[in-house]
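This is a predicted model, with the sequence first.
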Amino acid sequence: MIIDVITIFPEMFTHVVGSSIIKRARRSRVVTVGVHDLRRFSHDKHRKVDDRPYGGGPGMVMQAEPFFEAVASVRRRRQAAKSRIVLLSPQGRPLTQAIAQRLAKQAHLILLCGHYEGIDERVRRALVDEELSIGDYVLTGGELPAMVVIDAVVRLLPGALGDVESTASESFADGLLEYPHYTRPRVYRKMAVPKILLTGHHAAIAAWRQRQAQARTRRRRPDLLVRSPKS
Ligand code: SAM
């Protein structure tokens, strides 16, 4: 898979794409991540990519032209006929595990990061395939949301995690929160590991974990039990 990001702060991505699972996935060619400076596509001598809003009002709006040219350049470079363009926006659909799973099947994702008051509406209308939000709050820019999308997607790619089982049973994968985990020591501050986990009885342990996952979901996120996963 290829993920390209278009941003005015490319340096923000250095540590996230250069660490942990994403770093390993890039090294093993599971994913290629390109981060592109939107200012390279500005026609202004000061590399400005924003301007005042028509109709007045506070703040600045990111111009359409640099985004259109940046996307065209990325597409040319990747020779990818089939790319999906995602705008990070507080007005987008809230990101879910089901959406991450769907995006993980794409060959090429292009993530657009907004700033200031947002982006000229013509980018949404004519360039973007979908808008994603990472929650009902407003951040300064689309970079942190883009990193969240990259992380959620890359860890689902075959070969990204050491143990293929580890994404199958985790929270949201089957509509439930995951069961509780324990490791050594057996007793810590008078809190003992549940006896069932020490029995070696795999079927009984699996049944206990399933019951725990259901009880935990009912208690903490009952909405998940009535909602079927949507992508
Ligand atoms: N004026 C916009 C509004 O009210 O909808 C908010 C613009 S916000 C300050 C600047 C940029 O940050 C957005 O264009 C978007 O790319 C990004 N952003 C902010 N909050 C976000 C969220 N919850 N999810 C995804 N992107 C977000």
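Received it, and whenever you're ready, just let me know what you need. Since this is a predicted model, take the numbers as computed values, not measurements. Numbers count the residues shown, from 1 in each chain.

the longest helix in the chain is where?
Using DSSP state H, we find that the single longest helix of the chain is helix 202-220.

Test my guess that D120 contacts M62.
Yes. Assessed by CB atoms under 8 Å, D120 is found in contact with M62 at 6.4 Å. (C-beta placed from N, C-alpha, C; glycine too.)

Between the two, which is the more surrounded one?
Between D120 and M62, M62 has the larger neighbour count (other CB atoms under 10 Å), namely 23 against 20.

these two touch, right, the more buried one and D50?
Yes. The criterion here is CB under 8 Å, and M62 meets it with D50 at 5.2 Å.

what's the neighbour count on the residue of the chain found nearest the ligand?
Nearest to the ligand in the chain, going by CB to the nearest ligand atom, is G114, at a distance of 2.2 Å. Using other CB under 10 Å, G114 has 26 neighbouring residues.

which one is it nearest to, not counting chain neighbours?
G142 (4.7 Å; CB to CB, 6 or more residues apart in numbering).

doesn't V123 make contact with that neighbour?
No. At 11.8 Å, G142 does not count as touching V123 under the criterion of CB under 8 Å.

what about those two, which has more around it?
More neighbours surround G142 than the other of G142 and V123, with 29 against 22 (other CB under 10 Å).

any idea how far the more buried one is from E117?
To E117, G142 is 13 Å away according to CB to CB, to the nearest Å.

How about the lowest-mean-pLDDT helix or strand in the chain, which residues are buried there?
Lowest on mean pLDDT, DSSP states H and E among the helices and strands of the chain sits helix 222-226, with a mean of 93. Within helix 222-226, the residues that qualify as buried are L224, counting by 16 or more other CB atoms under 10 Å.

Report the secondary structure element holding L157.
Assigned by DSSP states H and E, L157 belongs to no helix or strand.

In contact with the residue nearest to the spatial centre of the chain, which residues are there?
Most central in the chain under CA atoms, centre = their mean is V149, positioned 1.1 Å from the mean C-alpha point. Contact partners of V149, counting by CB atoms under 8 Å, 6 or more residues apart in numbering, are V86, L88, L95, A100, L103, L109, L111, L132, I134.

for this structure, longest strand please?
In the chain, with assignment by DSSP state E, the single longest strand is strand 84-94.

hmm, it touching the ligand?
Yes. Residues of strand 84-94 contacting the ligand under CB under 6 Å from any ligand atom: L88, S89, P90, Q91.

Quick one: distance of the least confident helix or strand of the chain to the chain centre.
Computed by CA atoms, centre = their mean, to the nearest Å, the separation of helix 222-226 from the middle of its chain amounts to 22 Å.
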